[in-house]
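Novice: What would the 3D arrangement of this be:
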Amino acid sequence: MPVIIGAAIGALALIAVLVSVIAAVLPGSNVPSASCDTSAPADIPPQYLDLYQQTAARNGIPWTVLAAVGKAESDHGRSTGPGVTTGTNQAGAAGPMQFMPGTWQAFGMDGNADGTRNIYDPADAIPAAAHYLRHSGAPTHLDQALLRYNHDPAYVTKILRIADSYATSCPPLLLSGSERGATAVAAASNWLGTPYSYGGGDLNGPTTGIGLGARVMGFDCSALVRYAWHQAGVALPRTAEDQWLAIPHVPPDHRAPGDLVFFQGSDGAPGRPGHVGLVIDGDRMIEAPRTGATVRISHYTTRRDLVGYARPGG
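Specialist: Residues are numbered from 1 along each chain as shown. As a prediction, this is how the structure comes out:
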């Protein structure tokens with residue numbers, strides 16, 4: 001469990017990094033799939049796996065380490081011991097990531113943007129754990145950060161052992177393609193979990209939207225990919241339809257990480273796509289999907305409304 005600290009905590013910048021940039025997982029490739037959807041450790045509940053991976057992408061901490069902490073502290077929220085879902089344990093810790101009250105006061109987060117910081121909610125507790133580990137030196141000084149989370153050196157050894165076992169069963173995200181494409185994917189992954197906001201987002205990041213989204217700070221689909229490719233030095237039009245018309249199209253079997261993948265709009269016209277995402281690999285994309293949802297990693301190849309692919313920068 002994380003120990004209590006008394007120092008004032010400053011604002012922490014969320015920095016996304018790619019775990020590895022090695023090889024594309026695309027049609028025709030002989031590189032094994034890196035998707036955790038089919039090879040994830042069976043003992044991690046899907047809700048927790050999503051939270052570990054999305055939180056890790058926003059903070060540059062290996063998801064396997066966050067998952068190992070969750071396993072050690074509460075068996076991913078399934079422990080029936082005191083302090084996991086209500087109250088505290090004998091040491092005074094609470095929640096699935098076992099925070100002490102003082103540490104939670106300093107590092108607790110509203111990870112699901114519901115207006116509360118709930119120590120028992122994994123959507124809040126897992127981002128808070130990443131926040132605390134970042135403040136304590138992770139990922140550069142991971143051993144040091146884990147030792148601050150729990151002062152027992154045996155705990156650090158245990159966490160790293162569990163993390164290694166998860167890494168073996170679920171390889172990290174693998175990317176290749178152009179350097180610009182990888183840069184765009186990395187830039188978009190920085191905002192996983194950010195609310196969808198119709199009309200929201202500009203070249204600097206999330207903004208409030210228009211209409212129903214006027215009070216929500218976030219991205220819509222085309223703004224997210226425009227922002228991502230701006231970080232790679234390529235200018236794109238604002239809307240999905242204009243992006244489709246302006247950017248060179250590529251055949252499905254030539255798509256690569258960073259390519260834009262388009263879907264039909266509300267009128268169903270293939271020539272006027274109304275939704276766009278950013279290709280990660282042969283089956284996954286990053287997208288800002290719709291009002292009420294958040295920027296996420298999802299599957300695209302099985303969608304019946306898929307229109308095609310385009311590659312910014314030629």
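
Novice: quick one: contacts of the host helix or strand of Ala145?
Specialist: Element membership for Ala145, per DSSP states H and E: helix 142-149. Around helix 142-149, the neighbours that count as contacts under Cβ atoms under 8 Å, 6 or more residues apart in numbering are 1-3, 65, 69, 129, 132-134, 136-139, 153, 155-156, 159-160. From N, CA and C alone the C-beta is placed, and that goes for glycine too.

Novice: Can you name the next helix or strand after that helix?
Specialist: Downstream of helix 142-149, the next assigned helix or strand under DSSP H and E is helix 153-169.

Novice: There's contact between Ala163 and Thr64 in this structure, I believe.
Specialist: Yes - applying Cβ atoms under 8 Å, one finds Ala163 in contact with Thr64, separated by 4.1 Å.

Novice: With neighbour numbers in mind, choose between these two.
Specialist: The neighbour count for Ala163 versus Thr64, taken as other Cβ atoms under 10 Å, is higher for Thr64 (25 against 21).

Novice: give me every residue that touches the more buried one.
Specialist: Applying Cβ under 8 Å, 6+ apart, we find Thr64 in contact with 162-164, 166-167, 170.

Novice: Also Arg255?
Specialist: 26, 261, 279, 282, 309.

Novice: try Gly313
Specialist: For Gly313, the contacting residues are 178, 180, 229, 232-234, by Cβ under 8 Å, 6+ apart.

Novice: Output those as a markdown table; include the columns secondary structure.
Specialist: Listed next are the contacts of Gly313 as a markdown table, based on DSSP: H, G, I helix; E, B strand; the rest coil:
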| residue | secondary structure |
| --- | --- |
| Ser178 | coil |
| Arg180 | helix |
| Trp229 | helix |
| Ala232 | coil |
| Gly233 | coil |
| Val234 | coil |
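
Novice: Going by distance to Ala188, which of the residues you listed wins?
Specialist: Checking the contacts of Gly313 against Ala188 with Cβ to Cβ, the nearest one is Trp229 at 9.0 Å.

Novice: doesn't Ala310 make contact with the closest one?
Specialist: No - under the criterion of Cβ under 8 Å, Trp229 makes no contact with Ala310, lying 10.9 Å away.

Novice: more neighbours, these two?
Specialist: Higher neighbour count among Trp229 and Ala310: Trp229, with 26 against 21, using other Cβ under 10 Å.

Novice: among the contacts of Thr64, who's most crowded?
Specialist: Neighbour counts for the contacts of Thr64 peak at Tyr166, which has 23 neighbours (criterion: other Cβ under 10 Å).

Novice: Show me which of the contacts of Gly313 are buried.
Specialist: 178, 180, 229, 232, 234 (16 or more other Cβ atoms under 10 Å).

Novice: if I look at the closest residue to the second one other than its chain neighbours, how far off is Arg78?
Specialist: Closest residue to Arg180 in three dimensions, ignoring its sequence neighbours and counting by Cβ to Cβ, 6 or more residues apart in numbering: Ala232, at 4.1 Å. Here the criterion is Cβ to Cβ, to the nearest Å. By it, Ala232 lies 41 Å from Arg78.

Novice: Sort out which residues of stretch 198-208 are buried, please.
Specialist: Buried residues in stretch 198-208, counted by 16+ other Cβ under 10 Å: 198-201, 205-207.

Novice: I meant stretch 47-66, not that one.
Specialist: 48-66.

Novice: Okay, the nearest residue to Ala68 once chain neighbours are set aside and His76: tell me how far apart.
Specialist: Spatial nearest neighbour of Ala68, chain neighbours left out: Ile162 (3.7 Å); criterion: Cβ to Cβ, 6+ apart. Distance of Ile162 to His76, given as Cβ to Cβ: 11 Å.

Novice: go on, Gly108?
Specialist: 19 Å.

Novice: Kindly report the same for Ser298.
Specialist: 22 Å.

Novice: ok, now Val295?
Specialist: Distance of Val295 to His76, computed by Cβ to Cβ: 23 Å.

Novice: residue contacts, the residue lying farthest from the centre of the chain?
Specialist: Relative to the centre of the chain, the most outlying C-alpha is that of Gln90, 33.5 Å out, by Cα atoms, centre = their mean. Residues in contact with Gln90 (Cβ under 8 Å, 6+ apart) are Pro82.

Novice: can I assume it sits in a helix?
Specialist: No - applying three-state DSSP, one finds Gln90 to be coil, outside a helix.
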